[in-house]
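Asks: everything below, folded, please.
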Amino acid sequence: MQKHVFGLKAGIVCLASVLLSPGLALAAWPEKTIRIVVPFTSGGSADLIAREVAEHLRKSLGQTVVVDNKPGAGANIGTADVARSRADGYTLLLATPGPFTFNKHIFPKLDFDPAVDFSEIVYIADVPGVVLTHPKSKFSDLGEVAEFAKRNPGKISWASPGNGSSGHLMVEQFMSLSGAQVTHVPYKGASQAITDLMAGHVDLALDNVPTAIPHIVSGKLVPIAVTSNNRLESLPKVKSGSESFPGFGLTSWYALMGPKGMPVDVISKINSAVNYYIAQPEVKARWSAMSMFGVGGTPDRLKTHISTEVEKVGKLFETLNSEKK
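Replies: Below is the predicted model:
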């Protein structure tokens with residue numbers, strides 16, 4: 001009898017340990033608040049997308065979903081926070097290119113391994129950028145910027161959301177393609193860079209089109225190039241960067257990811273909810289008007305996309321590094 005009692009107790013302990021394992025979800029998920037970490041300050045495109053997705057998940061899942069801005073170190077701080085979190089579906093990451101494709105080429109050490117420390121959930125959207133200047137600027141396109149910068153090396157200040165951001169890479173790519181020298185000014189987020197640009201403290205900045213359009217419409221900022229391969233319907237008079245310098249351009253992507261080992265059923269619930277949302281006609285129309293293009297698909301589609309981007313960015317950095325030698 002004692003053997004049976006001991007066996008029953010051991011089984012209960014074993015079952016409890018399985019149910020409480022961080023990588024496994026209970027059937028009632030979600031039972032508490034879900035946190036989406038945005039590794040940038042509030043006000044930028046990443047924050048905008050995260051808050052929109054969070055609101056839909058709140059309605060779809062019937063649970064509170066909050067956005068937690070954790071900026072710094074080219075988005076590495078917020079990204080590392082998620083990598084260290086429990087893989088229970090209650091901490092998610094609004095993922096962007098920097099930590100997953102650029103930063104290993106820029107920072108000597110990362111506190112996470114982008115290739116193995118995360119679970120892919122869903123590819124949300126692609127968003128092109130726009131190079132901006134202030135209304136008193138003398139520049140109307142990138143060709144004029146390059147011409148001035150060649151005569152005055154380092155005199156043009158070009159702000160970005162931070163080291164390792166898409167904006168930073170655009171600065172490096174511009175200098176590589178044009179042969180001109182500008183001064184990169186990194187910030188902790190796009191909103192701070194844009195505020196200083198409007199005040200005339202810097203000459204240029206790159207922002208994503210959705211958050212830049214209100215400033216363009218109001219006349220507070222002037223667009224001089226978009227980073228897509230072709231001109232955009234939302235800014236039809238603005239040249240693509242490749243019109244001035246073939247090869248110039250990069251489109252930001254946004255996705256939801258979580259810590260490594262997230263339960264498959266939780267990933268599936270979030271993936272389905274986001275795919276449903278971005279497929280709605282009113283969402284498509286509203287996003288398209290802002291040059292924000294929903295993607296969606298399976299977690300594997302996101303994984304494949306990141307692998308492709310890693311290879312592409314790696315080749316770009318090889319070129320940039322060889323030119324600096």
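
Asks: let me see the ranges of the strands in the stretch 51-200 of the chain.
Replies: Using DSSP state E, counting those that start in this stretch, the strands assigned to the stretch 51-200 of the chain run over residues 65-69, 91-95, 118-133, 157-160, 183-186.

Asks: helices or strands next to the second one in the packing?
Replies: The criterion is 3 or more C-beta pairs under 8 Å, 6 or more residues apart in numbering; DSSP states H and E, and the helices and strands that strand 91-95 contacts are strand 34-38, helix 45-61, helix 76-83, strand 118-133, strand 251-259. C-beta here means a position set from N, CA and C on the backbone, and glycine is covered the same way.

Asks: who wins for proximity to Ile224 among the strands of the stretch 51-200 of the chain?
Replies: With respect to Ile224, and counting by C-beta to C-beta, the nearest of the strands of the stretch 51-200 of the chain is strand 118-133 at 5.3 Å.

Asks: who does the closest one pair up with?
Replies: If you go by DSSP bridges, strand 118-133 pairs up with strand 204-208 (antiparallel), strand 222-226 (antiparallel), strand 251-259 (antiparallel), strand 293-294 (antiparallel).

Asks: return the most buried member of these.
Replies: Per residue and on average, the most neighbours among those fall to strand 204-208, with a mean of 29 (mean count of other C-beta atoms under 10 Å).

Asks: got the CA positions of that strand in PDB?
Replies: Provided in PDB are the C-alpha atoms of strand 204-208 (Å, rounded to 0.1, in the frame of the first residue of the first chain):
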ATOM      1  CA  LEU A 204      18.200  65.100 -42.100                       C
ATOM      2  CA  ALA A 205      16.500  62.200 -40.600                       C
ATOM      3  CA  LEU A 206      14.900  59.000 -41.700                       C
ATOM      4  CA  ASP A 207      11.500  58.000 -40.400                       C
ATOM      5  CA  ASN A 208       8.900  55.500 -41.500                       C
END
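
Asks: contact partners of that strand?
Replies: Here strand 204-208 makes contact (C-beta atoms under 8 Å, 6 or more residues apart in numbering) with 44-45, 127-133, 139, 145, 156-160, 166-167, 170-171, 182, 190, 193-194, 196-197, 224, 227, 252.

Asks: and the angle from that strand to helix 45-61?
Replies: With axes from the mean of the first three to the mean of the last three C-alpha atoms, to 10 degrees as the criterion, the two stretches strand 204-208 and helix 45-61 enclose an angle of 10 degrees.

Asks: distance from the chain centre to strand 204-208, please.
Replies: Mean C-alpha position of strand 204-208 versus that of the full chain (C-alpha atoms, centre = their mean, to the nearest Å) differs by 14 Å.

Asks: ok, stretch 60-72 next?
Replies: On the basis of C-alpha atoms, centre = their mean, stretch 60-72 sits 15 Å off its chain's mean C-alpha point.

Asks: what does it contact?
Replies: Stretch 60-72 is touched from outside by 30-42, 47, 50-51, 54-55, 57-58, 77-78, 81, 94, 162, 188-189, 269, 273, 276-277, with contacts defined as C-beta under 8 Å, 6+ apart.

Asks: and it, how far apart are its ends?
Replies: Stretch 60-72 has an end-to-end distance of 31 Å (C-alpha to C-alpha, to the nearest Å).

Asks: same question for stretch 215-230.
Replies: 22 Å.

Asks: off-centre distance for it?
Replies: On C-alpha atoms, centre = their mean, the centre of stretch 215-230 falls 19 Å from the chain's centre.

Asks: can I get the helices and strands packed on strand 91-95 in CSV including distance to Gly98 and mean pLDDT?
Replies: Below are those laid out as CSV (distance: least, C-beta to C-beta, whole Å; pLDDT from 0 to 100):
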stretch, distance to Gly98, mean pLDDT
strand 34-38, 12, 98
helix 45-61, 10, 95
helix 76-83, 8, 97
strand 118-133, 13, 96
strand 251-259, 9, 95
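
Asks: make TSV out of the ones you listed and add distance to Lys109.
Replies: Output for the helices and strands packed on strand 91-95, formatted as TSV (distance: least, C-beta to C-beta, whole Å):
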stretch	distance to Lys109
strand 34-38	20
helix 45-61	23
helix 76-83	10
strand 118-133	18
strand 251-259	20
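
Asks: which residues are contacting stretch 107-116?
Replies: Counting contacts by C-beta under 8 Å, 6+ apart, the residues outside stretch 107-116 that touch it are 73-74, 76, 79-80, 83-84, 99-101, 103-104, 118, 163-164, 260.

Asks: what subset of the contacts of stretch 60-72 is buried?
Replies: Burial by neighbour count, 16 or more other C-beta atoms under 10 Å: within the contacts of stretch 60-72 this picks out 30, 34-41, 47, 50-51, 54, 57, 77-78, 81, 94, 162, 188-189, 269, 273, 277.

Asks: ok, back up a step: nearest to Arg231, of the strands of the stretch 51-200 of the chain?
Replies: Where those are weighed against each other on C-beta to C-beta, the nearest is strand 118-133, at 10.3 Å.

Asks: relative to Leu197, how far out is Ser291?
Replies: When C-beta to C-beta, to the nearest Å is the yardstick, Ser291 and Leu197 sit 19 Å from each other.
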